[in-house]
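Enquirer: Coordinates for the following, if possible.
(2 chains)
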Amino acid sequence: MNVTMRSANDVLTFKFNEETQFSELLGELNGLLEQPLFNQDGYYPRAFFDIGKRILNEDEIVSLMKLLKQHKKIIFDGVTCTKEKENMQLIKRVIRNGETIRVDVPTLFLDDINPGAFIHCYSDVYFMGRVSGCIIGMNSSVKICGREFERCKISINQKTLQDVTISAMVTVYYEDNDIVLLKEEK
Amino acid sequence: MRTIVITSGKGGVGKSSVSINIGYALANRGEKVCLIDADFGLKNLDVMMGLENRVIYDLHDVVTNKCTLQQILVKDKRYDSLYLLPACKSLSLEEIDVNYMVQMVDQLQEQFDYILIDSPAGIEKGFQYATGLCKEAIVVVNLDVASLRDADRVIGLLLKQGITELQMLVNKYNSDDINQGRSLSLRDAHEILSIPLLGIVYDDHQMIEANNKGVPVYVDRKSLISLCFDRIAQRLEGIEVPFMKYKKKKLLDKLFR
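Expert: A predicted model of the protein is given here:
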């Protein structure tokens, strides 16, 4: 058996073997859903899919959903998601006026952020050069660190610091519904 | 042979004057130079060079097979190795195929050592057209915030287009304004743009006068600006020379000019 099923708190969990081909797993799931258990009137259990460390591609997700829709026996309750390990991204070049950079993983900018450049951060950012552009933290968990800010705009979760000019190690973060600028003491 | 676009982003910084005078300085060093006026619809290099009356054909005539590429090239009055390919008022950019322009530049490269393309202001189609024809660029700036911001934007776009050989030329440099803090400094410009400095051209009323008369300022070989362009041409050719130092004109020089 490459697909096992267990029930806890009215939720069925289908565990998929990580080694088996996905098409084979779908075949087995198809067989399970045709069992008499699922043919009871008014029985529509919620079902969670534990796929282990497997990462599904778009076609595989679509075929799983198609199978569930075809049977109409269970209510889809989610699937395990393996998050890829986040490595630090390195951007070595100057970010120039008019450029907009979206940062999804922790990123270290080695050179300057010029006036008129926009950095949209969904993850932490670290600046080694002069920052004169506009740094926007797109969620409250983002941290912005740098050591030379010159008339720069920093915004996290829609709270904004205007015209930030500091020559010291600084961390900017969001706490208690406000934006906090913490200057590192030597 | 080298094909270099002279651009800036902001208008009025002196792209055309710089293009013409670099052309003259290179020609003076014995190089064969072709200046291309890429400001289609607003041609002005011919006027500034005093060649307006010598322009018979324009690019439109080449596109429509009324003449050859050789026939539209206008030879300069003063230097035999300097030619102008004038823009034309009658032809819009949309009418010219980019591939056609690339072929034309390829053809010109066989005859010339340097092709200098005077780009129009802005970052619209005209700019893309001009920059799409070369691999090197000279970014002309003035020491003011607007010019440097626009230049920064332009440099970003040039890098995106794969033009990595970039040099900055500071035009209308005024030492008095810098010393008194009215204008930004060279250091500020270098910090923002982070590209090598090709040269500086001092602010001088002579430049305006020369452009109006159709006699490029380079022709006056005693002028400070002419010497600035000499050094720029030398640096373009890989010769290391110091930047020109500003000398205030003596009273007698002013009186007997």
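Enquirer: what's the burial count for the spatially closest residue to B:Tyr246 that is not a sequence neighbour?
Expert: The spatially closest residue to B:Tyr246, leaving aside those adjacent along the chain, is B:Ser175, at 5.1 Å (Cβ to Cβ, 6 or more residues apart in numbering or on different chains). For glycine as for every other residue, the C-beta is placed from the backbone atoms N, C-alpha and C. As a burial measure, B:Ser175 scores 14 neighbours (other Cβ atoms under 10 Å in any protein chain shown).
Enquirer: And for the one 4 residues further on?
Expert: The burial metric for B:Asn179, expressed as a neighbour count using other Cβ under 10 Å, is 10.
Enquirer: Show the pLDDT at it.
Expert: At B:Asn179, the predicted lDDT confidence score is 89.
Enquirer: for the one 5 residues further on, same thing?
Expert: The score at B:Leu184 is 94. That number is its pLDDT.
Enquirer: Ok, the one 5 residues further on next?
Expert: Listed pLDDT for B:Ala189 reads 94.
Enquirer: Kindly report the same for B:Lys160.
Expert: Looking at B:Lys160, its pLDDT stands at 91.
Enquirer: circling back to that earlier point, quick check: the residue nearest to B:Tyr246 vs chain A, distance?
Expert: Separation of B:Ser175 from chain A (Cβ to the nearest Cβ, to the nearest Å) stands at 25 Å.
Enquirer: Next, see if the lengthiest strand in chain A gets close to chain B.
Expert: With secondary structure taken from DSSP state E, chain A has its longest strand at strand A:144-156. No: Strand A:144-156 stays out of contact with chain B when judged by Cβ under 8 Å from any Cβ of the partner chain, the minimum separation being 9.6 Å.
Enquirer: Output that strand as PDB, restricted to C-alpha atoms.
Expert: Taking Å, rounded to 0.1, in the frame of the first residue of the first chain, the C-alpha atoms of strand A:144-156 are listed here in PDB:
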ATOM      1  CA  ILE A 144      15.500  46.300   7.400                       C
ATOM      2  CA  CYS A 145      19.200  46.600   8.300                       C
ATOM      3  CA  GLY A 146      21.700  49.100   7.000                       C
ATOM      4  CA  ARG A 147      24.600  51.300   8.000                       C
ATOM      5  CA  GLU A 148      24.200  54.400   5.800                       C
ATOM      6  CA  PHE A 149      20.800  56.000   5.100                       C
ATOM      7  CA  GLU A 150      20.600  59.300   3.200                       C
ATOM      8  CA  ARG A 151      17.200  61.000   2.800                       C
ATOM      9  CA  CYS A 152      15.600  57.600   2.400                       C
ATOM     10  CA  LYS A 153      12.000  56.500   2.900                       C
ATOM     11  CA  ILE A 154      11.400  53.400   5.000                       C
ATOM     12  CA  SER A 155       8.000  51.900   5.300                       C
ATOM     13  CA  ILE A 156       6.800  48.700   7.000                       C
END
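Enquirer: Quickly list what residue 118 is bridged to.
Expert: This is for chain A. For A:Phe118, the beta-bridge partners are A:Thr100, A:Cys134 (DSSP bridges).
Enquirer: The chain in question should be chain B.
Expert: B:Ile6, B:Asp37.
Enquirer: just A:Thr160 next, same as before
Expert: A:Ser155.
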